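**Q** A predicted structure for the sequence below; I have some questions about it.
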Amino acid sequence: MTKTTPPSIIALDGPAASGKSTLGRTLADSLGYLFFDTGIMYRAVTWIALQHDMNLNDEAVITELAQKAQIDIRPPSKSDGRACDVVIGEKDVTWDMRGEDVDANVSVVSAYAGVRQALSEQQRRIGLRGKVVMVGRDIGTVVLPEADLKIYLDASAEERAKRRFDEIIARGEKADYDEILRKVVARDHIDSTRAVAPLRPADDAVIIDSDKMTAEQVVAQVMELCK
Ligand code: DC
């Protein structure tokens, strides 16, 4: 009997709140691979720019920032749901980067060609080491087109907004479904219509529509593809 090895480089793309991180973490844990959520890097650059009151519409300034920023990703120091620590200048900014102001501005920052080039190069260097599940929007199309397995995880905007809404309510916070839906649709629009590396499935990606699936069913389907 021939023994099969799982794919070494796994690219996992899809729109905001499609469940990529949950799937990617579970997959990486069960294969003993590195989980790398590339959205963190775009969020970190956005967060630094906001902290320093930089003009987010100034592409040259933001590109220079992306080229110079020292974004450190470390093993998780707390078990509060984080996959890793994100550290900038010795400050733990793991949750700051998930704030509303970053959410509202990150699509603008991630549409800049120079920003994408600077961050994609770093992502590619790490990804080529293998044994990695890399999550983002352009991993299968641009960052690691040679990935051994490409998954594009999709779900309707309504379903994704509902999942975000449920997450916030579960944390005991207030949420407005219509507002969340509006933001999801707006981010989809910017991510998929930008000139550089727009959100789209690679030609050889396996597309999974998770609308009527539980998280467990999605994991089971992808684990099957890894065999
Ligand atoms: O996955 P996320 O919501 O943390 O991503 C934040 C933003 O970064 C989102 O607007 C899309 C962008 N992004 C990107 O353009 N390319 C990636 N590889 C990852 C994220």
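**A** On my side now, so go ahead. Numbers count the residues shown, from 1 in each chain.

**Q** Going by C-alpha atoms from here, please, whenever you check contacts or count neighbours.
**A** Noted.

**Q** So which bits of this structure are right by the ligand?
**A** Contact residues (C-alpha under 6 Å from any ligand atom) of the chain with the ligand: 16, 38-40, 42-43, 106-107, 110, 136-139, 191.

**Q** Please identify the buried residues of the lowest-mean-pLDDT helix or strand in the chain?
**A** The helix or strand of the chain with the poorest confidence is strand 71-74; it has a mean of 86 (mean pLDDT, DSSP states H and E). Neighbour counts over strand 71-74 (16 or more other C-alpha atoms under 10 Å) mark 71-73 as buried.

**Q** so what secondary structure elements neighbour it?
**A** Judged by 3 or more C-alpha pairs under 8 Å, 6 or more residues apart in numbering; DSSP states H and E, the packing partners of strand 71-74 are strand 85-88.

**Q** Okay, now the sheet partners of the strand it packs on, with direction.
**A** strand 71-74 (antiparallel), strand 91-92 (antiparallel) (DSSP bridges).

**Q** got the contact list for that strand?
**A** Outside of strand 85-88, the residues within contact range by C-alpha atoms under 8 Å, 6 or more residues apart in numbering are 40, 70-77, 92-94.

**Q** go again using 7 Å as the cut-off
**A** 70-77, 92-94 (C-alpha atoms under 7 Å, 6 or more residues apart in numbering).

**Q** What is the nearest of those residues to Lys227?
**A** Pro75 (27.7 Å; C-alpha to C-alpha).

**Q** and the closest residue to Arg200 other than its chain neighbours, what does it touch?
**A** Distance criterion C-alpha to C-alpha, 6 or more residues apart in numbering; nearest residue to Arg200, sequence neighbours excluded, is Ser192 at 6.8 Å. Going by C-alpha under 7 Å, 6+ apart, Ser192 touches 198-200.

**Q** quick one: which of those is most hemmed in?
**A** Leu199 (22 neighbours; other C-alpha atoms under 10 Å).

**Q** quick one: it and Asp191 touch, right?
**A** Yes: at 5.6 Å, Leu199 counts as touching Asp191 under the criterion of C-alpha atoms under 7 Å.

**Q** quick one on the thing from earlier: now the strands paired with strand 85-88 in a markdown table, please, with extra columns for distance to Leu225.
**A** Output for the strands paired with strand 85-88, formatted as a markdown table (distance: least, C-alpha to C-alpha, whole Å):
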| stretch | distance to Leu225 |
| --- | --- |
| strand 71-74 | 29 |
| strand 91-92 | 36 |
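
**Q** Can you check the distance spanned by stretch 16-24, start to finish?
**A** 14 Å (C-alpha to C-alpha, to the nearest Å).
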